[in-house]
Every structure is written in C-alpha cells, then in structure tokens.
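Asker: only geometry, no sequence info:
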C-alpha cells in the first residue's frame, strides 16, 4: 500500500474535524477529492478507516493505528522543515498550540505577537480547549504545546510553570455584592450571569462546578470576548466570572467591582505542557523557549505523575 503525505495529513484533518467535509476544508480540497482519497486509502488497505454516520465520522481500529503513525510522520516532517529552515528562508515552520480561555485572553496575545514578529517564517495554529482536552491533545500528538491549568490531570507530561491565574467574580458597581471582599461560588450561583460562548473552556469549567453544587447557571447572554463580558457587567446586565487579569485591566473602563472567590478551584497556576521538549520540532522548541522566557514564575520543568 502507498499513502503519500497529502493522504496522511488529510486523514488527520478529518479525524480532528470529525467529518470529511471539515477535513477537506482544512486540507483546502473539495469534498469529492477528499472522499476519493479516503476511498483509495481504504481500498489499498482492504479495511475501512472511518465509520460514516449522520454526525460525521468515527475512526475504526485501523483508522486509529493510521492516525498514530500519521502523526509521527508529520511530526518528523516538521522536524525536517525546522532544521532545513536554518539553511534557507523559503521553509515555513508551523506550531500547533492549545490553550485554555484565561491564558488565551490575558497572558498569550502580546507574547505570541512578539514571537511572530521575531520569527517571520513561523505560523501558529491556536485553538481554545478545556485543560483536560489540552492535556489529551498533547499526549496524543494533536498539538505541540499546551497551555493549561495545573488542576487538570497532566500525568506523564513535562510541565513548566507559566503564569499565576485566579478567577474572580465581577459585578456592577451598585450591585449588592460589590461591597463584599470575598464570596464562594455557591453564594453567587443563583445570580444572573453574563457568560462566555457555550463552547468555550471557561463556560465548561463553570458549568461543571455548578453541576457539582446541584445547580444550573442562569445565563442572560453569552459572549466570545472577555472585554465584552466586562463591559456588559459594568452596564448592570449581570455578573460574571473572569480571570483576575481581565478584571484588573477592564475595571475602571468598564465600571465593575471585583469580588474574590474563595473556592480552591478558582486559584490556579497556568502551566506549559509538552510530551518531550527535546523532541519538539525546532519552531515548537523556539516557541516553548520564548514562552518560558516570559513566564511570570520560575521553576524547573517537571514530569507530572499521579499523586
């Protein structure tokens, strides 16, 4: 059987997107061309690689094996590009990064912008995920670097401190809670909330802890921007839970009050995680070094283990 690099990258894109249509789009192919390539791969193997259903596709055991080896091959290609890129300016590096909402909105934009300015031949593929999904993505090779909360299960990954992160409640200046220095999440869970978009990592975190308390958060509106959330809270539309960095940055302009949350899960450390820093493609290693140089707290890398 013969699978070329385009076949392997297409299969990975389909797997990550969950559909042939999505994979074709990411591969810049027509749906017909992508479908024909997948059929050709399956015919060459003599086994189905994907199970089609109304929601998309699910990989078969043969498909999972192919995905594993396809990622190894594409990672080796990235290594090759990175090393050859030192000899010629025509090769562009590519780094895949997953981040949680807090880091993506508050800690990463300026740092990543500087990296792109200093490395004009490198591009970044950034996706927001929950910390649990980030850890899974790093373990399975779906991304090179993860930026996650240390509250997630990071077992087996090399973990490096990046930034301290705390979640706080923000309220309108005239809200009854504005006079309180602190509160627990259960104390405020029945308030009207301004939330992050439903697919966001922050929304998933709050939903999880509300369910643990036997409650459902009442959202008046969901927004995709932390700045927009802060401004809407300042206008009196509801309350919200946001990273303290966002609350400080937007406090005066948005007219919001800040209430410290006492729950242990709101006091977190944002960490960088990789499978093995010594085996990262060169562009990913450069990004990791750049992020570590801008870390708010020092500390040697450690390999996480289950307590």
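Answerer: Done, it's in. Bear in mind that the values here come from a model prediction, so they are computed numbers and not experimental data.
Asker: what about residue 171, distance to residue 210?
Answerer: Separation of residue 171 from residue 210 (C-beta to C-beta, to the nearest Å): 18 Å. Glycine gets a C-beta too; all of them are placed from N, C-alpha and C.
Asker: and the two? which has more neighbours close in?
Answerer: More neighbours surround residue 171 than the other of residue 171 and residue 210, with 25 against 17 (other C-beta atoms under 10 Å).
Asker: name the helix or strand for that one, please.
Answerer: If you go by DSSP states H and E, residue 171 is part of strand 158-172.
Asker: any idea which helix or strand comes after that strand?
Answerer: Remark: after strand 158-172, the chain's next helix or strand is strand 182-183, criterion DSSP H and E.
Asker: could you check the angle strand 158-172 makes with the host helix or strand of residue 136?
Answerer: Assessed by DSSP H and E, residue 136 sits inside helix 131-139. Here helix 131-139 runs at an angle of 160 degrees relative to strand 158-172 (axes from the mean of the first three to the mean of the last three C-alpha atoms, to 10 degrees).
Asker: and the protein, what are its domains?
Answerer: 5-81, 92-307 (automatic domain parsing).
Asker: measure the closest residue to residue 285 other than its chain neighbours to residue 118 for me?
Answerer: Spatially, and ignoring its direct neighbours in sequence, residue 285 is nearest to residue 277 (6.7 Å; C-beta to C-beta, 6 or more residues apart in numbering). For residue 277, the distance to residue 118 equals 19 Å [C-beta to C-beta].
Asker: okay, those two: which has more neighbours?
Answerer: Ranked by neighbour count (other C-beta under 10 Å), residue 277 and residue 118 place residue 277 first, with 16 against 10.
Asker: surely the more buried one and residue 158 touch.
Answerer: Yes: look at residue 277 against residue 158 with C-beta atoms under 8 Å: they come within range, at 5.9 Å.
Asker: quick one, strands of the stretch 101-250 of the chain?
Answerer: Secondary structure of the stretch 101-250 of the chain by DSSP state E, counting those that start in this stretch: the strands cover 122-128, 145-149, 158-172, 182-183, 192-196, 218-223, 240-243.
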